[in-house]
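Student: have a look; sequence and predicted model below, questions after that.
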Amino acid sequence: MKKEQSFAQAMSELEEIVRKLEQGDVPLEEAIDLYKNGMELSHFCHEKLQNAEKQLISIVNDQGEKQPFEPTNGEE
């Protein structure tokens, strides 16, 4: 896995790994390597999502004050 990999690239690579493993015709040693790489990618994606969630939990209002993020604000 590349250090500067984007979330979309990691997800695409993870999907490819899952597809290969689901086919079931991968030699055991390769399957183990694919699984390990898949777990690293999964962890990377999970961290990216958690980071994005933390950024959305509080937003800055017009006065520069942080306020809780409420996705239903503005909806009637």
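Tutor: All right, it came through fine. Residues are numbered from 1 along each chain as shown.

Student: CA only for contacts and neighbour counts going forward, please
Tutor: Noted.

Student: which residues of this structure fall in strands?
Tutor: 58-60, 66-68 (DSSP state E).

Student: flag every buried residue along stretch 26-42.
Tutor: The neighbour-count check on stretch 26-42 (16 or more other CA atoms under 10 Å) flags 31, 34-35, 37-38, 41 as buried.

Student: mind listing residues that contact it?
Tutor: Here stretch 26-42 makes contact (CA atoms under 8 Å, 6 or more residues apart in numbering) with 1, 10-11, 13-14, 17-18, 20-21.

Student: where does the chain dip in pLDDT?
Tutor: Along the chain, segments meeting pLDDT under 70 span 1-3, 57-76.

Student: mind checking which of the contacts of stretch 26-42 land in helices?
Tutor: 10-11, 13-14, 17-18, 20-21 (DSSP state H).

Student: of these, just the buried ones, ChimeraX syntax please.
Tutor: Of these, the buried ones go into a single ChimeraX selection, burial set by 16+ other CA under 10 Å:
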select :10,11,13,14,17,21
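
Student: hang on, the earlier thing: list the ones among the buried residues of stretch 26-42 that fall in helices.
Tutor: Those of those mapping onto helices are 31, 34-35, 37-38, 41, per DSSP H.

Student: make a markdown table from the contacts of stretch 26-42 and add distance to Lys48 to it.
Tutor: Below are the contacts of stretch 26-42 laid out as a markdown table (distance: CA to CA, whole Å):
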| residue | distance to Lys48 |
| --- | --- |
| Met1 | 14 |
| Ala10 | 10 |
| Met11 | 11 |
| Glu13 | 15 |
| Leu14 | 14 |
| Ile17 | 19 |
| Val18 | 20 |
| Lys20 | 24 |
| Leu21 | 24 |
